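In: How does the following fold in three dimensions:
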Amino acid sequence: MEKINELDRKIMGFFKNKSLKTFLKYSLKYKTAMLGVILLSTVTSVMSAVPAWLSKYLIDDVLVKKNAKMMMIVIGAIFASTILKVITNYFADVSSGYITEKIRRDIKVDVFSHLQRLPIAYFKQNKLGDLMARLSGDSTTLGRIGFMLFDMLKEFVTVVALLFRMFQVDFVLALISLTVLPAILSMVKKYTKKIRKSGRIRQDTVGDVTAFVQEALSGISVIKGFNRSDKIIDKYMDVTQEEFDKIYKTTKIKAKISPINEVLATIMILLVAGYGGYQIIVVQSMTPGDLISFITAIGLMQQPLKTLIKRNSELQEALPSADRVIEILDVELEPDHIGEDVKEVPDTIKTIDFNNVDFRYDDGDEKVLKN
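Out: Take a look at the predicted model:
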């Protein structure tokens, strides 16, 4: 058991973000199911990349050589890989959904239990509406990190398989196509920081809005009694406008990623088509099937790359929300008792006397009980 714990600790050490470490700690409770999801996702990803191999035979053997037997083999292989892909993808999605929901529930139960054991001063210092937002929305977001990570894993394996096929066809052509990749990664890294920062500000604003609504509705009788409804409505318009501004800012940042990625991908395809055409027509070191296979790999790679970038953006946006939950779990619990050790009380006791008792609240200076 000690070895497993030590292994778990080393695995968690790979993640720098505290929310990701917390999620991993919960997910390690379901190791077997997670390994199953990883295996199913790997098979799904490999099957998604199969057309990049089959397209070569479809061009060179079926269309150029007019081989009817090979046509049946290619058609059968495409059908078989598709069936295997949809089956493994279904079970991978169901299994990852199960793990994600189990983790989400575990986190919500632990956060709620932790809140029940916090000192009363904590609830005086923090708004009830904000705590409710963290318990409901933010803890759910922390649980959804699993779905994002599983989806990213599946798309990452697909990209790796397609890259392998590209280098298998032509090493130089693969390097040419990858000249654009550093630019894409640099862009993702740049906007990732902006999305994470903007996401934290947005979640804090959402918490403020929830807290304001909770306070306004709980004090509705006082508001109506003093005829302050118009003032409260104006205040609500201000806080929701601030919420809108923060959300819209994040939306604009995310919207820039896809168009830039589209332009860079188009440049990559044009470079590949130019070099590949030269190798076929002039050098004659490549068959049309090789080029089609290579271009098919690039085409199949576009969607996984887009999904990876999209899920990464969602992950960076979700992490600040998840951080708000971790902040609750980091608050020190209230001790069960202070002073002498707990003693057993006999069943025969008749009365209890309190002598020389002083008491004050943590956030107060004056004693509310004196002797």
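
In: how much distance is there from the biggest helix by length in the chain to the middle of the chain?
Out: Secondary structure of the chain per DSSP state H: the longest helix is helix 68-116. Centroid displacement of helix 68-116 relative to its chain, using C-alpha atoms, centre = their mean, to the nearest Å, is 16 Å.

In: what do you get for stretch 215-230?
Out: With C-alpha atoms, centre = their mean as the basis, stretch 215-230 stands 40 Å off its chain's centre.

In: Mind exporting the C-alpha coordinates of it to CSV?
Out: In CSV, the C-alpha atoms belonging to stretch 215-230 read as follows (Å, rounded to 0.1, in the frame of the first residue of the first chain):
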residue,chain,number,x,y,z
GLU,A,215,-28.7,38.9,-0.1
ALA,A,216,-31.3,40.9,-1.9
LEU,A,217,-33.8,38.1,-1.9
SER,A,218,-33.2,37.1,1.7
GLY,A,219,-33.7,40.8,2.7
ILE,A,220,-36.6,41.5,0.4
SER,A,221,-39.0,42.5,3.3
VAL,A,222,-36.5,45.1,4.5
ILE,A,223,-36.0,46.4,1.0
LYS,A,224,-39.7,46.8,0.4
GLY,A,225,-40.2,48.2,3.8
PHE,A,226,-37.8,51.1,3.1
ASN,A,227,-38.9,51.4,-0.5
ARG,A,228,-35.5,50.7,-1.9
SER,A,229,-36.4,48.3,-4.8
ASP,A,230,-35.3,50.8,-7.5
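
In: what sits up against that stretch?
Out: By C-beta atoms under 8 Å, 6 or more residues apart in numbering, the surrounding residues in contact with stretch 215-230 are 127, 128, 129, 232, 236. Yep, even glycine has a C-beta here, placed from its N, CA and C like the rest.

In: Drop anything exposed from the residues you listed.
Out: Applying 16 or more other C-beta atoms under 10 Å to the contacts of stretch 215-230, the neighbour count classes 127, 129, 232 as buried.

In: Please identify the helix or strand for residue 349.
Out: Under the criterion DSSP states H and E, no helix or strand holds residue 349.

In: Tell me, how many residues neighbour it?
Out: 7 (other C-beta atoms under 10 Å).

In: who does the helix or strand harbouring residue 175 touch, helix- and strand-wise?
Out: Residue 175 is located in helix 171-177, with elements delineated by DSSP H and E. Under the contact criterion of 3 or more C-beta pairs under 8 Å, 6 or more residues apart in numbering; DSSP states H and E, helix 171-177 touches helix 139-169, helix 257-278, helix 288-330.

In: Could you check that helix and say which residues are buried?
Out: Buried residues in helix 171-177, counting neighbours by 16+ other C-beta under 10 Å, are found at 173, 174, 176, 177.

In: now residue 298: how far from residue 276?
Out: Per C-beta to C-beta, to the nearest Å, residue 298 is found 10 Å from residue 276.

In: Ok, residue 40 next?
Out: Applying C-beta to C-beta to residue 40 and residue 276 gives a distance of 34 Å.
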